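A.B. asks: prediction below, plus the sequence it came from.
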2 protein chains.
Amino acid sequence: MTQKFNSRVYVTLRPSVLDTAGTAVKSELHQLGYQGVEHIRIGKYIELTLTAESKELADKQLHEICDQLLANPVIENYSFDLIPVDAQ
Amino acid sequence: MTQKFNSRVYVTLRPSVLDTAGTAVKSELHQLGYQGVEHIRIGKYIELTLTAESKELADKQLHEICDQLLANPVIENYSFDLIPVDAQ
């Protein structure tokens, strides 16, 4: 029996890595008059649907997928949630 | 008196827009053996800190910022949350 899961993956730059795009956006926002914006970090947001035998296997597969393809573990962190889809 | 807010912004392609990066990632995942991945959409995830007079003003500013800089309203949707930071 397989289960279907919805997942949202958040990929962010590690805090020690300079976020050049974020710095550019912050500077542009200040020029546009939004002085209230202080920190800004830009990352990736991925929505996907995954079918697996169990939640444990889905979790394991998603970790592998993130490490191999969605995130660069050298400079990025990731987190995800995994929500079972009731309707099969 | 000003208040500080943490915000997380999610920018996603509108459902009617073809996600070429997502399609490429899905095809690559299938080649790597992850047949269980069905839908995949790639978007942006932005973390920022904003100072404003009130939550209403912060909300208004963030909508402007998203429309002007963070998202392309023609092809993208966005949503965000706005969490007051207690420590001033």
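C.D. replies: Received, thanks.

A.B. asks: just give me the residue closest to the centre of chain A.
C.D. replies: By CA atoms, centre = their mean, chain A has its centre lying nearest to A:Y10, at 1.5 Å.

A.B. asks: now do the SS call for that one.
C.D. replies: Under DSSP: H, G, I helix; E, B strand; the rest coil, the three-state class of A:Y10 is strand.

A.B. asks: so what's it up against?
C.D. replies: Contacts for A:Y10 (CB atoms under 8 Å, 6 or more residues apart in numbering or on different chains) come out as A:43-45, A:78-80, B:45. From N, CA and C alone the C-beta is placed, and that goes for glycine too.

A.B. asks: ok, the residue of chain A found nearest chain B - how many residues close by?
C.D. replies: Nearest residue of chain A to chain B: A:Y45, at 3.7 Å (CB to the nearest CB). Other residues near A:Y45 come to 20 when the count uses other CB atoms under 10 Å in any protein chain shown.

A.B. asks: beta partners for it?
C.D. replies: In this structure, A:Y45 bridges to A:Y10, B:G43 when assessed by DSSP bridges.

A.B. asks: follow-up on the earlier one: okay if I get the contacts of A:Y10 as a markdown table plus pLDDT?
C.D. replies: Output for these, formatted as a markdown table (pLDDT from 0 to 100):
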| residue | pLDDT |
| --- | --- |
| A:G43 | 97 |
| A:K44 | 97 |
| A:Y45 | 97 |
| A:Y78 | 97 |
| A:S79 | 97 |
| A:F80 | 97 |
| B:Y45 | 97 |
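
A.B. asks: still on that earlier bit, give the contact list for the residue of chain A closest to chain B.
C.D. replies: Contacts of A:Y45 by CB under 8 Å, 6+ apart are A:8-11, B:10-12, B:42-45.

A.B. asks: just give me the closest of the residues you listed to B:N72.
C.D. replies: Nearest to B:N72 among the contacts of A:Y45: B:V11, at 8.5 Å, using CB to CB.

A.B. asks: not counting its neighbours along the chain, what's nearest that closest one?
C.D. replies: B:K44 (4.1 Å; CB to CB, 6 or more residues apart in numbering or on different chains).

A.B. asks: the one you found and A:I46 touch, don't they?
C.D. replies: No. Counting by CB atoms under 8 Å, B:K44 does not reach A:I46; the two are 10.1 Å apart.
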